[in-house]
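**Student:** What shape does this take:
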Amino acid sequence: MKAKSVFTKFMVGKVDLLVYLVILLSLLGWRSYQWWQQIGKSRVIGGDLVAESVIFESPSRYQTYLSLPFQAWTARVNPKIAQSQRVAQLAAGDRWRFKAVWRQGETGRFYLQVVEVLAVTQLTEPGNWWGLIRWLEDIRNQLIEAYQAYLAEPYNSLLSGIVLGKQSQFPPDWYAALITTGTVHIVAASGYNISVVAGALVAGLVLVVKRRQALWLALLGIVIYVVLAGATPPVIRAGIMGAMLIWSQQLGRLYLPGYSLALTGLLMLIIWPWLVFSIAFWLSLAATAGIMGGGPSLARVIERWSGKLIPPWWRVIQKDMVTTGAATLATLPLIGLFFQRLSLVAPLTNLLVLWTVPPLMMLGGGVGLLSFIWPAAAQALAYLSYPLLWWFVTAVETTAAWPLASVTLPNLNWYWVSGYWLLLFGWWWKGSARTKD
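**Tutor:** A predicted model of the protein is given here:
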């Protein structure tokens, strides 16, 4: 009788999970159909597109064009159109309607070339949500200006990238070196940044308030940081998962990271169906899944060989080795599929620089905060970040200059990607089964 009761509870849980999954997938299919009717067809047909979008951040300025995010792509505006139609003055909370044509860049990625701006409407009003977003964007711009005032290039753009995910100010040679070494994800705010921010907030707040209050304040801090970091798909994904973790701790419930990742991915696709075309979204999901699923298996491999091939002092950076290795293994097929290039120095370069991210985020946050109240102290703190920034830049530029730092891959397709992931999943599954035994 007892066995039957356990079996019944098990099946009820599985049936409930299946029902929720069917509902979510049905919503995803319905939202995807709606979006495809509005936007998707024009991309396939290749015709003109008249679209409307709300601006979440000011245009990023490059050498020959201004860039604004539009769903999974970017809308490029040449300076002549930008000046004549006030695009350069667009800011968070502005709605713009434009006419554009699809173009394909050198890397094969699509973008929208704006040929005419049809209308601009300001949505911000005192006290409303968009007014708050614009205020936070103004703070973000002031932080970037503070880094530029206190640090030389490329150190100021590197710190802006690590703390705020801002990449449009990168010198071309420096950005190319980041791509060659597979470290560009570090200077784009992502899940790792969210984990550092959340951990620092909780650790600091529990010293002055009760733990429950600290968790709520940390949740608010995560939301603010997501906006400051540009609300990109990886940051939103990490922010949602961080919020789920804090919420589960508040309720005293068990947090299941695998279910949280799957639920977050589905919810984001339901809300924003165009994320299916977002490379950053899929890379973020794959990297997180790799760290969660493959981290333990890879840790056992490193532990097994640590006394044979790996020097004992490398145990100090073993955690970074596992994180970097698991994320690299999981994202490798996507990088080959989307970019047709593979960085051979990425694992080494990531190991050399990843440890600098938490202290640089703390120093960068301190510099930004002090710049509003005590500029001299902000300048002094900025000087303290120079050794870490110098190490980061030197490691990236040195390994990027090595022969065969990156190689061109043959054209891959989703069959190769699926086969690779099946083999990788099988290895991880086998490793997890051994752990349970």
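**Student:** Please, where are all the helices along the stretch 151-300 of the chain?
**Tutor:** Assigned by DSSP state H, counting those that start in this stretch, the stretch 151-300 of the chain shows helices spanning 155-164, 172-180, 191-205, 211-228, 233-251, 257-271, 279-305.
**Student:** so for whichever strand or helix holds W421, what's the average pLDDT?
**Tutor:** Using DSSP states H and E, W421 maps to helix 414-436. The average pLDDT within helix 414-436 is 72.
**Student:** residue contacts, the nearest residue to L205 once chain neighbours are set aside?
**Tutor:** Of all residues not flanking L205 in the chain, A214 sits nearest, at 3.6 Å (C-beta to C-beta, 6 or more residues apart in numbering). Quick note: C-beta positions are derived from backbone N, CA and C, even for glycine. The neighbours of A214, taking C-beta atoms under 8 Å, 6 or more residues apart in numbering as the test, are L201, V202, L205, V206.
**Student:** Out of those, grab the one that's most surrounded.
**Tutor:** Highest neighbour count within the contacts of A214, by other C-beta atoms under 10 Å: L201, with 20 neighbours.
**Student:** per-residue pLDDT, that one?
**Tutor:** pLDDT recorded at L201 is 79.
**Student:** who's in contact with it?
**Tutor:** By C-beta under 8 Å, 6+ apart, the contact set of L201 is A214, L217, A218, G221, I222.
**Student:** Relative to L143, which of the residues you listed is nearest.
**Tutor:** The nearest member of the contacts of L201 to L143, counting by C-beta to C-beta, is G221 at 15.3 Å.
**Student:** still on that earlier bit, so which of the helices of the stretch 151-300 of the chain gets nearest L132?
**Tutor:** helix 211-228 (8.4 Å).
**Student:** got the angle for the closest one vs helix 233-251?
**Tutor:** Relative orientation of helix 211-228 versus helix 233-251 (axes from the mean of the first three to the mean of the last three C-alpha atoms, to 10 degrees): 170 degrees.
**Student:** Need the mean per-residue confidence for helix 211-228.
**Tutor:** Mean per-residue pLDDT for helix 211-228: 82.
**Student:** oh, and call the first residue 36 from now on, that's how I've got it
**Tutor:** Sure, I'll start counting at 36 from here, so that last one is helix 246-263.
**Student:** so how far is that helix from its chain's centroid?
**Tutor:** Offset of helix 246-263 from its chain centre (C-alpha atoms, centre = their mean, to the nearest Å): 18 Å.
**Student:** Buried ones in that helix, by neighbour count?
**Tutor:** Neighbour-count burial for helix 246-263 flags A249, L250, L252, A253, L254, G256, I257, Y260, V261, V262, L263 (criterion: 16 or more other C-beta atoms under 10 Å).
**Student:** Same question for stretch 178-186.
**Tutor:** The neighbour-count check on stretch 178-186 (16+ other C-beta under 10 Å) flags L178, I179, A181, Y182, Y185, L186 as buried.
**Student:** What is the nearest of those residues to W309?
**Tutor:** Ranked by distance to W309 (C-beta to C-beta), these are led by I179 at 27.6 Å.
**Student:** I figured the closest one hits L199, correct?
**Tutor:** Yes: the pair I179 / L199 is scored as a contact, 6.8 Å apart, by C-beta atoms under 8 Å.
**Student:** Quick one: the helices in the stretch 36-185 of the chain, in order.
**Tutor:** 37-70, 76-80, 114-119, 164-185.
**Student:** mean pLDDT for the ones you listed: which is lowest?
**Tutor:** Mean pLDDT per stretch puts helix 76-80 lowest among these, at a mean of 49.
**Student:** Surely A435 and T216 touch.
**Tutor:** Yes: taking contacts as C-beta under 8 Å, A435 lies within contact range of T216: 5.0 Å.
**Student:** So between these two, which is more surrounded?
**Tutor:** A count of neighbours by other C-beta under 10 Å puts T216 above the other of A435 and T216, at 28 against 22.
**Student:** Do I have it right that that one meets T433?
**Tutor:** No: using C-beta under 8 Å as the test, T216 is too far from T433 to be in contact (9.3 Å).
**Student:** Please identify the buried residues of stretch 94-106?
**Tutor:** P94, S95, Y100, L101, L103, P104, F105, Q106.
**Student:** Contacts only, for L153.
**Tutor:** V85, R132, F133, K134.
**Student:** hey, what's the second one bridged with?
**Tutor:** The one in question is R132. For R132, the beta-bridge partners are E87, A154 (DSSP bridges).
**Student:** So for it, what's the pLDDT?
**Tutor:** The confidence metric pLDDT takes the value 78 at R132.
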